[in-house]
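Visitor: make a model of this:
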Amino acid sequence: MAWLLVVVAGVLETGFAVCLKLSHGFTRLWPTVAFCVFALGSFGLLTLALRKLDVGPAYAVWTGIGATGTAIYGMLFLGDVVSTLKLVSISLVIVGIVGLQLSGSAH
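Guide: Just a heads-up that it's a prediction; the model follows:
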């Protein structure tokens with residue numbers, strides 16, 4: 001259950017990163033509100049998960065999901081540049097997330 005919280009928190013991290021971009025420096029109301037909601041949800045779920053998990057692997061998985069999700073969202077919907085190196089790097093982050101989860105806490 002704790003790992004599920006980390007995964008959902010990572011997806012919410014993607015949401016707050018995208019909303020941060022869309023808020024244009026907190027000058028747009030609704031993306032700013034969405035940023036706050038996603039950030040509070042993400043940090044809240046991560047905090048709950050850390051009651052059961054080791055901080056290193058859980059934090060790395062959380063940030064990895066957020067970074068990967070944000071990069072993919074940016075390429076698909078925000079016009080970010082797509083390159084072979086970027087795709088390979090995202091793949092390596094995903095491999096790292098899986099490896100950390102497999103080697104993480106036994107709790």
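Visitor: and the nearest residue to Arg51 once chain neighbours are set aside, how far from Phe77?
Guide: Take Arg51 and drop its neighbours on the chain: the residue closest to it by CB to CB, 6 or more residues apart in numbering is Ala2, 7.4 Å away. No exception for glycine: its C-beta is placed from N, CA and C like everyone else's. Using CB to CB, to the nearest Å, Ala2 is found at 30 Å from Phe77.
Visitor: more neighbours, the two?
Guide: Comparing Ala2 with Phe77 by other CB atoms under 10 Å, the one with more neighbours is Ala2, at 16 against 9.
Visitor: I'd say the more buried one and Thr47 touch.
Guide: No: taking contacts as CB atoms under 8 Å, Ala2 lies outside contact range of Thr47: 11.2 Å.
Visitor: wait, Arg28 touches Leu22, no?
Guide: Yes: counting by CB under 8 Å, Leu22 is a contact partner of Arg28 at 6.7 Å.
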